[in-house]
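# show me how the following folds:
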Amino acid sequence: MTEKYILENFDKTVRFNPNDEGRHIGLPEKYTVPCISGGFYEMYYWDTYFTNKGLIIAGKGDLAKSNCNNVAFLINKFGYMPNGSSISFIGRSQPPFFALMVKDVFEATGDEEWLKVMLKAIEKELVFWETKRKGGELNRYYGDYDDTACENFGKMVGNRIKIDESRDFVEAGLDYLAEAESGWDFTGRFNGRCADFNAVDLNSLLYAAEKFLGEHAGYEKWLKKAEERKQKINEILFDEKQGVFIDYDFVNDEFSTVKSCAGFMPFFVGAADEKYAFGAKNLLKAVEEEFALSATEETDNNYQWGYKNAWAPLHLITVVGLNNYGFIEDAKRIAKKYVDLVDTNFEKTGGLWEKYNAVTGGIDAVSEYGTPEMMGWTAGVYLYCKKFLNQ
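Reported below is the predicted structural model:
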């Protein structure tokens, strides 16, 4: 029933808006949005990677390719891919999945000429992260905003979640804008100081992009950068004491105190050394709940990207990462949990949802703006997990 619903309704998420209109940035080709109706009318960055997974499986590879073309358009227009196709998001990006989006479409189409065009945009995006988002020896999430914008965002976040009221709103605002760039808005991973951290997911994705560009464009310098980054990921972002890959506070020289599903990302992209494979099992023990994966281990922080909440992208990342390192039965178990979670709630509600509760198995998730009915990455990850289980 769930799969039939997805296949019959995926096209309802397609939009075409070639001209700038209000806060919406015009895009040259058709694109997909997360929801059939309601909020989230823009094309969002990291959402689109997971949506594309489902589009390709559903035989809608042309839409996945159009999504990539639109991302390339925005990278060429702004020098980076914004959080989404809205002027509201200028100043920040999101987890850089573009190279992996291109990889998926290229593997599905074999279009060499198209790939050449995309490689130029991938390189342009990598230059942005290298020049605008360095922190310590690796990279960080950040933002490009003036003091007024930071102060306004700090106050907005102050109303949305509980923050340290003693902090200057400008300083706090920049950290929370950085957290918005991480896609994990908001979370306990960074203790409210996202700009101080080398994020494990960000650096893993940059490694994947550098490696893909080097291999397909023949640029030795990017292969070298990828190898150097891989070495640093293993040296800097693996905490021997906790036995997991985790975000590193390069300002205070300490690791995050919150284990999260972001720690599966080095396994997802193949950046983790084999000697640290056990870290995937350790992390699984911390975040796996009865019905699904919780975004983070149990904490006393009540964030939507935190304990109890089950998010679609984190399941795909984990399933792929576990499978990459030989933990096949674990990967199958997590994939089945997500499929069952979505199926059960579809039977009850007739819809797919942005996030779920990994502990109760329902849609009673911790939320800062509600839990919207969604297609997008929920559909994409559901179709991916079903295909994985059937292989």
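
# domain ranges for the chain?
Following the assignment in automatic domain parsing, the chain carries domains at 23-108+123-132, 288-391.

# from residue 129, how far off is residue 215?
The gap separating residue 215 from residue 129 is 18 Å, by CB to CB, to the nearest Å. Placement of C-beta: from N, CA and C, glycine included.

# so for those two, which sits in the more crowded spot?
Between residue 215 and residue 129, counted using other CB atoms under 10 Å, residue 129 has the larger neighbour count: 22 against 13.

# can you tell me the element the more buried one falls in?
Following DSSP states H and E, the helix or strand that holds residue 129 is helix 112-132.

# same check, this time on residue 313
For residue 313, the element it lies in under DSSP H and E is helix 312-324.

# give me the contacts around that helix.
Around helix 312-324, the neighbours that count as contacts under CB atoms under 8 Å, 6 or more residues apart in numbering are 46-47, 49-50, 53, 261, 264-268, 270, 280, 284, 292-293, 295, 328, 330-331, 334-335, 337-338, 355, 377-378, 380-382, 384-385, 388.

# just the buried members of these?
Neighbour counting with 16 or more other CB atoms under 10 Å marks 46-47, 49-50, 53, 261, 264-268, 280, 284, 292-293, 295, 330-331, 334-335, 337-338, 355, 377-378, 380-382, 384-385, 388 as buried within these.

# okay, the angle between the helix or strand harbouring residue 70 and helix 112-132?
When secondary structure is defined by DSSP H and E, residue 70 falls within helix 61-78. Computed by axes from the mean of the first three to the mean of the last three CA atoms, to 10 degrees, the angle separating helix 61-78 from helix 112-132 equals 40 degrees.

# contact partners of helix 61-78?
With CB under 8 Å, 6+ apart as the test, helix 61-78 has contacts from 14, 25, 27-32, 43, 45, 48, 51-52, 55-56, 81-82, 85, 90, 98, 101-102, 104-105, 108-109, 114, 117-118, 121, 124-125.

# helices - which of those residues land there?
Of the positions in the contacts of helix 61-78, 45, 48, 51-52, 55-56, 98, 101-102, 104-105, 108-109, 114, 117-118, 121, 124-125 sit in helices, assigned by DSSP state H.

# now these: which count as buried?
Using 16+ other CB under 10 Å as the burial test, the ones in helices among the contacts of helix 61-78 include 45, 48, 51-52, 55-56, 98, 101-102, 104-105, 114, 118, 121, 124-125 as buried.

# need the nearest residue in space to residue 99, chain neighbours excluded.
With CB to CB, 6 or more residues apart in numbering as the criterion, residue 99 has its nearest non-adjacent residue at 3.7 Å, and that residue is residue 209.

# please verify my assumption that the one you found contacts residue 95.
No: at 10.9 Å, residue 209 does not count as touching residue 95 under the criterion of CB atoms under 8 Å.

# and those two? Which one has more around it.
residue 209 (27 against 22).

# and the more buried one, how far is that from residue 219?
Remark: distance between residue 209 and residue 219 (CB to CB) = 12 Å.

# torsion angles phi and psi at the most far-flung residue of the chain relative to its centre?
Ranked by distance from the centre of the chain (CA atoms, centre = their mean), the top residue is residue 166, with 30.8 Å. Its backbone dihedrals place residue 166 at phi -80, psi -10, with angles given as degrees, to the nearest 10.
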